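**Student:** Provided below for reference: sequence and predicted model.
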Amino acid sequence: MTHDGRLIRGERTRAAVLDQALLLTTVAGLGGLSLSQVADALGVSKSGLFAHWRSKEALQLAVIDHARAQWTDRIIRPALQAPRGLRRLWAVHDTRLGFYEAEVLPGGCFFANAHFEFNARPGVIRDRLAAELTDWMTFLTGVAADAVTLGELRAGAVAEDIAYQTESLGVCAVMQAPVLGRAPTFRRARRALLDHLRPLATDPTILPEPT
């Protein structure tokens, strides 16, 4: 096998391991993730994983990066196809809820789970998660600010408050859905943001009708 062939196979192995690790963390937690746990789930030797990650912390950080890439591919990138402004703000929320509805991850949301788990545990992992949340809130705020700048939200609308409301509804929905029922919870989360945005919109017809 050529060097390029080995490199490609190695990257595929790494991606497969991270896919499995991401699934495991949404059920068992990021703090409990270990090379042994992932190796057992994949039916491979633990020693084989050391070629990619030399420590538990290195694996945890890699899983966070992998989760961010998935979030970008499945939520941010599709939402960015919507026009800037109110339509894009709605698309971010709707696409996120659609990701949860599809049950891509068995434990719901990697980031929501990990933030709750590590909020009171200072260290490298918490710092990385905090940076991810900061980036996400900056993105949401920017999307909301675009809607204000374009005149689709009233001049008094505060982008940071809208971003906070949007994030709160997303986290609340994914946490409550397994207990209170998936369909009604996600329907309520969509309707709640529409109810919040409609009085702020200069042209409410831009927004879809609640279902």
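**Tutor:** Arrived safely, thanks for sending. Residues are numbered from 1 along each chain as shown.
**Student:** let's test this: name the helix or strand in this protein with the lowest mean pLDDT.
**Tutor:** helix 46-49 (a mean of 68; mean pLDDT, DSSP states H and E).
**Student:** can you name the element that comes right after it?
**Tutor:** Next along the chain after helix 46-49, taking DSSP states H and E as the criterion, comes helix 56-71.
**Student:** in that following helix, what's buried?
**Tutor:** 56, 59, 60, 62, 63, 64, 66, 67, 68, 70, 71 (16 or more other CB atoms under 10 Å). From N, CA and C alone the C-beta is placed, and that goes for glycine too.
**Student:** now the two most distant members of those residues.
**Tutor:** The span of the buried residues of helix 56-71, defined through CB to CB, is set by 56 and 71 at 22.5 Å.
**Student:** so which residue is dead centre in the chain?
**Tutor:** Centroid-nearest residue in the chain: residue 71, 4.6 Å away (criterion: CA atoms, centre = their mean).
**Student:** now that one: closest residue in space, sequence neighbours ignored.
**Tutor:** In space, residue 71 comes closest to residue 111 once its chain neighbours are excluded; the distance is 7.2 Å by CB to CB, 6 or more residues apart in numbering.
**Student:** shouldn't the one you found be within a helix?
**Tutor:** Yes: looking at residue 111 with DSSP: H, G, I helix; E, B strand; the rest coil, it is inside a helix.
**Student:** now do the same contact list for it.
**Tutor:** If you count contacts by CB atoms under 8 Å, 6 or more residues apart in numbering, residue 111 has them with 67, 71, 129, 132, 133, 136.
**Student:** show the pLDDT at the residue nearest to the centre of the chain.
**Tutor:** pLDDT recorded at residue 71 is 98.
**Student:** cool, and residue 146?
**Tutor:** Taking residue 146 on its own, its pLDDT is 98.
**Student:** which one is it nearest to, not counting chain neighbours?
**Tutor:** residue 84 (4.9 Å).
**Student:** secondary structure class for that neighbour?
**Tutor:** Assignment for residue 84 (three-state DSSP): coil.
**Student:** can I assume it is in contact with residue 144?
**Tutor:** No: using CB atoms under 8 Å, residue 84 makes no contact with residue 144, being 11.1 Å away.
**Student:** who has more neighbours, the two?
**Tutor:** residue 144 (28 against 15; other CB atoms under 10 Å).
**Student:** how near is that one to residue 159?
**Tutor:** Look at residue 144 and residue 159: by CB to CB, to the nearest Å, they are 4 Å apart.
**Student:** same deal with residue 110?
**Tutor:** 26 Å.
**Student:** between these two, who's got more neighbours?
**Tutor:** residue 110 (24 against 19).
**Student:** was I right about that one contacting residue 24?
**Tutor:** No: Residue 110 lies out of contact with residue 24 (CB under 8 Å); the separation is 10.5 Å.
**Student:** coming back round to it: let me know the closest of the contacts of residue 111 to residue 88.
**Tutor:** Of all the contacts of residue 111, residue 88 sits closest to residue 136, with 15.0 Å by CB to CB.
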